[in-house]
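Q: Sequence first, then the predicted structure, then my questions.
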Amino acid sequence: MATPLSADKLLKALRDEGLHVVEHRSWRTNNRNHKGPWGPTHGVMIHHTVSSGTASSVELCYNGHSALPGPLCHGVIAKDGTVHLVGNGRANHAGLGDDDVLRAVVAEKALPPDNEANTDGNRHFYGFECINLGDGKDPWPAAQLLAIERAAAAVCRAHGWSERSVIGHLEWQPGKVDPRGFTMNAMRGRVAKRLGGAPDGPSDPPPRPKYEPFPGAAFFAVGRRSAIVTAMGKRLVAEGCGRYTVGPGPAWSESDRKSYAAWQRKLGYTGGDADGIPGKSSWDRLKVPNV
């Protein structure tokens, strides 16, 4: 039983284990916490995506789909071993599973057969979706298997868990087959060996992006032309808040204001606080690249 890791602690744990980690969009605030509790956490669950292609798989797991809103996991593990973080908090990945399995995970004992679906797993498990078609033919590259091992070990090490806290979706919910192509017993063996030693040490993180400092509300006025406005517009589009028919471009316009108002509403602002004129708090959260 453990309190969930914060976004910063999860990121540090993964990088300290030697993983190359990419922070995807607004992963730190992407969760389903409004639909149910997150925590206490008890383990790590491994899945396969039944998809191909890194970019499309990461977007799918970030956004979800009409039948299952995202995030669909906390991290997506690509074929090359890169971990793309897409969620922080409750995620739609585990679904209902067997309470006997959960008790075994908590006690760190051998797993019983999963023959019931009566317990909320989204509350208790970190989830990693691994890019694979799940057809038994799509290969599992060595780099990807190593990343699965490292990611599971990183979370276990951060919480003081053993390899018994790592399970596959097929061991949790009756009828599931993922991950298909390697055995969870073999993966737990790898995790146990890794936990018996020191972590590999932090991988070199990618250069930290430099974001545009807030230029002040007065900056956003009719007649203003700046590359900052274009960069802001592109970020608004990336966040699903674009209200442009043309652009975005360098001239501050009504379309920019409407788009920014959509971003403010997405953050929970209402009334005059969602008038489309940027404020420092919402600007900092938009992370406009430095131009």
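A: Alright, I've got the coordinates.
Q: Going by C-alpha atoms from here, please, whenever you check contacts or count neighbours.
A: Noted.
Q: how about Cys130, phi and psi?
A: Main-chain torsions, Cys130, degrees, to the nearest 10: phi -110, psi 130.
Q: what number of residues lie near it?
A: Residue neighbour count, defined by other C-alpha atoms under 10 Å, stands at 32 for Cys130.
Q: swap in Pro250?
A: 17.
Q: what do you get for the one 10 residues further on?
A: The burial metric for Tyr260, expressed as a neighbour count using other C-alpha under 10 Å, is 28.
Q: residue contacts, it?
A: Tyr260 sits next to Leu236, Cys241, Gly242, Gly276, Ile277, Pro278 when contact means C-alpha atoms under 8 Å, 6 or more residues apart in numbering.
Q: Does the fourth one touch Ala261 like I think?
A: Yes: under the contact definition of C-alpha atoms under 8 Å, Gly276 touches Ala261, with a separation of 3.8 Å.
Q: Looking at the two, which has the bigger crowd around it?
A: Ala261 (26 against 20).
Q: In three-state terms, label that one for me.
A: helix (DSSP: H, G, I helix; E, B strand; the rest coil).
Q: Ok, Ile167 next?
A: Ile167 carries the three-state label strand when classified by three-state DSSP.
Q: and Gly136, what is it in contact with?
A: Arg180, Gly181.
Q: in this protein, which segments are predicted with low confidence?
A: 1, 203-209 (pLDDT under 70).
Q: Quick one: the strands in it, in order.
A: 21-23, 43-48, 64-65, 68-69, 75-77, 83-85, 96-97, 119-120, 125-130, 166-168 (DSSP state E).
Q: need the helices for the stretch 1-150 of the chain, in chain order.
A: With helices called from DSSP state H, counting those that start in this stretch, the stretch 1-150 of the chain shows them at 7-16, 54-63, 99-107, 142-159.
Q: Can you give me the buried ones in the longest one?
A: Think helix 142-159. 144-157, 159 (16 or more other C-alpha atoms under 10 Å).
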